[in-house]
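**Q** could you work out the structure for the sequence below:
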Amino acid sequence: MNALVTTNRNVSRVVTGAACCAVVIGALIAVRPAYGVAALAALCFIPLVAGSVPLGIAVWLPAMFVVLGLATTAFQFLIVAAWLGCLIARPATVRELLPGQRTLLAALGLLLAWLSLSVLWAREVSPAWHELVLWLVAGGVLVVVATVTGRTGCVRLVMAAFVAGALLSVIVGLLGFGPAETVVPGSLLSQSVAHRFSGAEGNPNELATQLIVAIVFAGVLAADARRRELRLGLAAVALGLTVALAATESRGGLVAFAVALVIAPLLFWRQRMPAVAAIGLVAIAAAGFFAASPGARDRVTEVNDGGAGRSTLWAVAWRMAKDNAPEGVGLDNFRAVSPDYLHTPGSLRYAIQIDDPHVVHNEYLELLAETGIVGLLLFLALVGICLGAARRAARAFEALGRHDLARISRAVLLAGIGVLVAQVFASSAYDARLWALFALGPALLAMTTRVSWAVPR
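**A** Residues are numbered from 1 along each chain as shown. Predicted coordinates:
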């Protein structure tokens, strides 16, 4: 009898709590729709991530492609909270989570510490704080993904999430629901951006970077798929994403993609013929799009427009880096300081890019100008450690006879190289999705230890 009464009380509490949540969320949706939707998404996400952090990451990643703002931010905090809860419930040392990779955490800590210090000498503190938060989130994503995806199924799940997110973004763009890119009146970008495909990103250059990762992952998942239908479906997705990449008309994205295509046969030397065949198919898909779209072809091959003003931005960033060595001007303060260079010696062909300031559109020059040589070197060291881990993992898996995991490791390395090349033309290294990609390298390297234990001696 007492047990029945206790059960009824618990049920009553659950019902009351659910009713209260429904009222609060309903009121939020009525008054502030964005807050209401974010609260509803977070409420549905809680039981999922509490049950499995990798599954929560696999839901969060596609959401980053199509749902921006409060919802994805809430997802990130809930993932970190669930991860911390797992650590409290089952305490583990760094050596157990990331065996032999203490340099990774050291490099990450030094980078975030230096970026935080750069806020102290920033001319405008508000944008510096805002970007610092993005970097801190990216660092958290790196640690969480690296420590919870150390199993084959989890890594494939994250790779599939990248593919699903890119596909959803493309579908949203095709349906016309994606946001239009904001173009500054009078900017060189306004001459050609109206017809460029931007998916759900709203920015064709950022979409192109994400599509490179998704195409590589779709190709490797197709190669490893056992069912013929799944293999053909993933191959079709890779080809479709290639056409979408061409439709972005992102010169930086296409250059990065071309570099990835050249490197692919060198990395996948055991599957050189299938790799060459896959490269031929995606190259034909991209060429077919440009053959059918002369305007897109002309824009991509145009070389006398200074990279849509990038040449001016790069020149100012280089001058700024030299004038403010070695510490830089402070995080996200290029736009605050760059107008000063309109009145200094030296010609600027596209001065409108400085008069109405843009980001540098080159992550390496932007870090050099804003955080100095120390910030740039720490960033390169951290990325190098992550991609080096993927390379080491590929070699270890080959030695253990796990050619499937070696292919996955090389796919992570190839996608990472493509992203790094794309960052020569973009300023988005704090994007949490990119750090989820880089985190797979350390996760795979940690996995080699577990796989080696399972191999009979």
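**Q** need the contact list for residue 310.
**A** By C-beta atoms under 8 Å, 6 or more residues apart in numbering, the contact set of residue 310 is 361-362, 425. Using the backbone N, CA and C atoms, a C-beta is placed for each residue, glycine as well.
**Q** change it to 7 Å
**A** By C-beta atoms under 7 Å, 6 or more residues apart in numbering, residue 310 lies in contact with 361, 425.
**Q** what of residue 103?
**A** residue 385.
**Q** which parts of whichever strand or helix holds residue 126 are buried?
**A** Per DSSP states H and E, residue 126 falls inside helix 125-148. For helix 125-148, a neighbour-count test (16 or more other C-beta atoms under 10 Å) marks 125, 127-128, 131-132, 134-135, 137-148 as buried.
**Q** same thing with stretch 255-266?
**A** Within stretch 255-266, the residues that count as buried by 16+ other C-beta under 10 Å are 255-257, 259-261, 263-265.
**Q** likewise stretch 365-378?
**A** So for stretch 365-378, counting by 16+ other C-beta under 10 Å, buried means 365-372, 374-378.
**Q** okay, now the unreliable bits of the stretch 201-350 of the chain?
**A** Along the stretch 201-350 of the chain, the parts satisfying pLDDT under 70 run over 270-277, 296-298, 301-309, 343-350.
**Q** quick one: the helices in it?
**A** Applying DSSP state H, counting those that start in this stretch to the stretch 201-350 of the chain gives helices spanning 204-224, 228-247, 251-267, 272-292, 294-301, 310-323, 334-337.
**Q** and the last one, how far from the chain's centre?
**A** The reference is to helix 334-337. Centroid separation for helix 334-337 versus its chain: 25 Å, with C-alpha atoms, centre = their mean, to the nearest Å.
**Q** could you dump it to CSV, C-alpha only?
**A** Only the C-alpha atoms of helix 334-337 are listed here, as CSV (Å, rounded to 0.1, in the frame of the first residue of the first chain):
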residue,chain,number,x,y,z
PHE,A,334,41.3,43.6,-36.9
ARG,A,335,38.2,45.4,-37.9
ALA,A,336,38.6,48.0,-35.1
VAL,A,337,42.2,48.8,-36.0
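**Q** all helices of the stretch 351-457 of the chain, in order?
**A** Under DSSP H, counting those that start in this stretch, the stretch 351-457 of the chain gives helices at 352-355, 363-400, 403-422, 432-454.
**Q** would you single out the least confident of the ones you listed?
**A** Across these, helix 352-355 has the smallest mean pLDDT, namely a mean of 46.
**Q** surely residue 326 meets residue 374?
**A** Yes - contact criterion C-beta atoms under 7 Å: residue 326 and residue 374 qualify, at 6.3 Å.
**Q** what about the helices in the stretch 51-200 of the chain?
**A** 53-66, 70-89, 94-97, 102-118, 125-148, 152-174.
**Q** which strands and helices sit next to the second one?
**A** For helix 70-89, the helices and strands in contact under the criterion 3 or more C-beta pairs under 7 Å, 6 or more residues apart in numbering; DSSP states H and E are helix 33-51, helix 53-66, helix 125-148.
**Q** list the residues that contact residue 108.
**A** So residue 108 contacts 139, 142, 382 (C-beta under 7 Å, 6+ apart).
**Q** any idea how far it is from residue 283?
**A** When distance is defined by C-beta to C-beta, to the nearest Å, residue 108 is 37 Å away from residue 283.
**Q** next one: residue 398
**A** Residue 398 is 28 Å from residue 283, by C-beta to C-beta.
**Q** with residue 106 instead?
**A** For residue 106, the distance to residue 283 - C-beta to C-beta - is 41 Å.
**Q** kindly report the same for residue 407.
**A** Distance, residue 407 to residue 283, using C-beta to C-beta: 21 Å.
**Q** so residue 367 is in contact with residue 377, correct?
**A** No - contact criterion C-beta under 7 Å: residue 367 and residue 377 do not qualify, at 9.2 Å.
**Q** and this protein, what are its domains?
**A** 2-89, 102-454 (automatic domain parsing).
**Q** which of these is buried the deepest?
**A** Scoring the domains of the chain by mean neighbour count under mean count of other C-beta atoms under 10 Å gives domain 102-454 as the most buried, with a mean of 19.
**Q** from the chain's centre, how far out does that domain sit?
**A** With C-alpha atoms, centre = their mean, you get 6 Å for domain 102-454.
**Q** now render the buried residues of stretch 255-266 as JSON lines, adding distance to residue 59.
**A** Output for the buried residues of stretch 255-266, formatted as JSON lines (distance: C-beta to C-beta, whole Å):
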{"residue": "255", "distance to residue 59": "32"}
{"residue": "256", "distance to residue 59": "27"}
{"residue": "257", "distance to residue 59": "27"}
{"residue": "259", "distance to residue 59": "31"}
{"residue": "260", "distance to residue 59": "27"}
{"residue": "261", "distance to residue 59": "31"}
{"residue": "263", "distance to residue 59": "31"}
{"residue": "264", "distance to residue 59": "30"}
{"residue": "265", "distance to residue 59": "34"}
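**Q** that's all I had, so thanks and see you.
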